[in-house]
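Participant: Structure for the following, please:
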Amino acid sequence: MLAVDPEIAELASTVPVATLDRERLSVARSFDIMGAVVLSDAVERRDHVVPGDPDVVIRVHRPVGVDGELPCVYSIHGGGYIMGSYSMDDARFDTWCPKHRCVGVSVEYRLAPETPYPGPLDDCYLGLKWVYAHSAELGIDPNHIGVAGVSAGGGLAAALALLARDRGEIPLRFQLLDCPMLDDRQITPSSRHDELLIFNRESNTFGWQSYLGELYGSPDVPAYAAPARATDLSGLPAAYVCVGAVDGFRDEDIAYAMRLNQAGVPTELHVYPGAPHGVMLFSNSAVAKRYAAGIEDWIGRQLRVDGVS
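Facilitator: Sure, this is the predicted structure:
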């Protein structure tokens, strides 16, 4: 296994790391890993209840004083399918919406193990479908919507891209997959290392067991649950895949990006030496700044309208 970036290794002692299991989950959920976030008044944030069974809450972020139809990023938070909240996207959209003149949407999907697959994905799709159907009132260009996600959110974003392609109801423009959690089988070399920071092999196993429920360990896990199992990646929207070289998801993410390219999907792959899973928790480190800059450059290009970013 490659070594963690020395700067991050030094900072890592300040971040609580514990193997996740059912006993520790409630404590982990109560810990605010993002810390206090100060938001500007340059973005208007409004929650909407999307009717369904059950209802789903989404948060719409829009730059203040910008009229007309804007491109949209539909974002799905991370947390191993078992933790997290849509509020984790607040800080990102506080920057992106004014900078890129876009609308950001965050979805509060149900978490496993209380709600296993397909519940969380159904929530994400219901929210996305509602945004597309109500694009006029939200000031969104219905032909310029992309999905984005981090970790488990990246896995759900990849699954949404597959689902949207197959159902033919929502034309997606792009997919941003940030260290996506794609493969339940844990058969790659990087997935088998136990000394990983932030999200180790045991936590990954618990996340998949929680999300898949009775499907876990079965050869019949659907691609919508674990996108690495998809056999046909053609016809998907342009993709950006980024991952750290010291991330348990490294190999499955590299393989997915390669297969996207082989299927004719325009795909960028970025692998950052020394970066562990959750590298952006160490946002002041040099490698985290490079990691963030790569995402910023790509998303800026996807959101550009008529040559203007």
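
Participant: now the strands for the stretch 51-200 of the chain?
Facilitator: All strands of the stretch 51-200 of the chain, identified by DSSP state E, counting those that start in this stretch, fall at 56-63, 70-76, 103-108, 140-150, 172-178.

Participant: Output the longest one in PDB with nothing but the alpha carbons.
Facilitator: Extracted C-alpha coordinates of strand 140-150, given in PDB (Å, rounded to 0.1, in the frame of the first residue of the first chain):
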ATOM      1  CA  ILE A 140     -33.200  25.600 -13.900                       C
ATOM      2  CA  ASP A 141     -32.300  24.700 -17.500                       C
ATOM      3  CA  PRO A 142     -33.800  21.200 -17.800                       C
ATOM      4  CA  ASN A 143     -31.200  20.300 -20.400                       C
ATOM      5  CA  HIS A 144     -28.300  21.300 -18.200                       C
ATOM      6  CA  ILE A 145     -28.600  19.100 -15.100                       C
ATOM      7  CA  GLY A 146     -25.800  16.900 -13.800                       C
ATOM      8  CA  VAL A 147     -25.400  14.700 -10.700                       C
ATOM      9  CA  ALA A 148     -22.500  14.800  -8.200                       C
ATOM     10  CA  GLY A 149     -21.600  12.800  -5.200                       C
ATOM     11  CA  VAL A 150     -18.900  12.000  -2.700                       C
END
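
Participant: contacting residues around that strand?
Facilitator: Strand 140-150 is contacted by residues 69-78, 103, 128, 131-132, 135-136, 155-158, 160-161, 170-180, 237, 299, 302-303, 305 when judged by CB atoms under 8 Å, 6 or more residues apart in numbering. To be clear about C-beta, it is placed using only N, CA and C from the backbone, and glycine gets the same treatment.

Participant: that older thread, okay, the strands of the stretch 51-200 of the chain in TSV with mean pLDDT, distance to residue 263 and mean neighbour count next?
Facilitator: Output for those, formatted as TSV (pLDDT from 0 to 100; distance: least, CB to CB, whole Å; neighbours: other CB atoms under 10 Å):
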stretch	mean pLDDT	distance to residue 263	mean neighbour count
strand 56-63	98	30	22
strand 70-76	98	22	26
strand 103-108	98	27	26
strand 140-150	98	18	23
strand 172-178	98	13	24
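
Participant: Could I get the buried residue list for the lowest-mean-pLDDT helix or strand in the chain?
Facilitator: Across the helices and strands of the chain, mean pLDDT, DSSP states H and E gives its lowest value to helix 22-30, namely a mean of 85. Of all the residues in helix 22-30, those buried under the rule 16 or more other CB atoms under 10 Å are 25, 28.

Participant: cool, stretch 182-192 as well?
Facilitator: So for stretch 182-192, counting by 16+ other CB under 10 Å, buried means 182, 183, 184, 188, 190, 191.

Participant: Same check on stretch 265-284?
Facilitator: Across stretch 265-284, burial judged by 16+ other CB under 10 Å covers 265, 267-270, 272, 274-282.

Participant: nearest to residue 292, of these?
Facilitator: Using CB to CB, residue 280 is the member of the buried residues of stretch 265-284 that lies nearest residue 292, at 6.6 Å.

Participant: List the residues that contact that closest one.
Facilitator: Residue 280 makes contact with 288, 291, 292, according to CB under 8 Å, 6+ apart.

Participant: Can you lay out those residues as JSON lines showing pLDDT and neighbour count?
Facilitator: Output for the contacts of residue 280, formatted as JSON lines (pLDDT from 0 to 100; neighbours: other CB atoms under 10 Å):
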{"residue": "288", "pLDDT": "97", "neighbour count": "22"}
{"residue": "291", "pLDDT": "98", "neighbour count": "23"}
{"residue": "292", "pLDDT": "98", "neighbour count": "16"}
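
Participant: Take these and keep only those in helices.
Facilitator: Under the assignment DSSP state H, those contribute 288, 291, 292 to helices.

Participant: Tabulate those residues (TSV), appending distance to residue 37.
Facilitator: Conversion of those to TSV gives the following (distance: CB to CB, whole Å):
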residue	distance to residue 37
288	17
291	19
292	16
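
Participant: So, low pLDDT: which residues of the stretch 101-250 of the chain?
Facilitator: Along the stretch 101-250 of the chain, segments meeting pLDDT under 70 span 194-197.
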